[in-house]
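A.B. asks: mind looking at a prediction? Sequence and model below.
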Amino acid sequence: MNYYELLEVSETASPEVIRAAYRALAKKYHPDVYKGADRQQMMSTVNAAYGVLSDPVKRAEYDRRLAREKGPGMRENFRSHPERQGSTSIFGKIFHGITNAVENGMKEKQNAYLKGLTMEPLTLVQSYMASKGFTRLGCRKAMLDKGLLFVNDEGDWHATKECRRYVEMIVKGQV
């Protein structure tokens with residue numbers, strides 16, 4: 001199992017982001033909270049992932065091993081392609097800009113999500129209402145994890161009663 005995928009962080013995530021992701025998953029899979037049959041295994045896997053990714057030496061070794069396992073795959077070839085490395089080709093410039101925008105957007109979403117997990121519910125709802133783009137998506141995911149939103153069987157997002165109460169308070173200017 002890929003530890004980055006398990007902690008739901010990018011391979012370039014900072015130690016702070018990794019720590020926040022670990023704490024969120026540790027709460028979620030804590031044996032006193034998570035009642036699944038695999039609760040001990042889940043918690044030990046999350047702990048192992050954090051143990052490796054939080055230690056700079058172990059993380060560097062893990063990254064090298066991942067790179068060997070991936071081999072010269074599409075991602076590595078693309079990143080080392082001359083057009084990606086500052087070529088004057090118009091295609092290279094356009095593609096480089098698009099790739100950077102997507103990577104930055106995903107980082108923005110992840111940071112908003114992790115920050116949202118630490119917020120009080122009312123503050124999180126306010127942030128969601130004031131945000132847009134990737135930040136809004138990160139806030140929405142945090143609201144889902146905190147029980148302020150739910151997804152029905154058709155995949156539609158809905159606010160819980162608590163969330164609707166907060167929205168009403170915000171709209172009426174009671175906060």
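C.D. replies: That came in fine, so what should we check first?
A.B. asks: for the chain, which segments are assigned as helices?
C.D. replies: Under the criterion DSSP state H, the chain contains helices at 3-7, 15-29, 39-53, 56-70, 74-80, 90-118, 121-130, 133-145, 161-171.
A.B. asks: mean pLDDT for the ones you listed: which is lowest?
C.D. replies: Confidence, taken as mean pLDDT, is least for helix 74-80 of the helices of the chain (a mean of 42).
A.B. asks: got a list of what the residue positioned nearest the centre of the chain touches?
C.D. replies: By C-alpha atoms, centre = their mean, the chain has its centre lying nearest to Gln110, at 3.6 Å. With contact set as C-beta atoms under 8 Å, 6 or more residues apart in numbering, Gln110 has these partners: Glu8, Val9, Ser10, Ala13, Val17, Gly138. C-beta: built from backbone N, CA, C; applies to glycine.
A.B. asks: phi and psi next, for the third one.
C.D. replies: Here the main-chain torsion angles of Ser10 (degrees, to the nearest 10) amount to phi -80, psi 160.
A.B. asks: burial measure for it, as a count.
C.D. replies: Around Ser10 there are 15 other residues, counting by other C-beta atoms under 10 Å.
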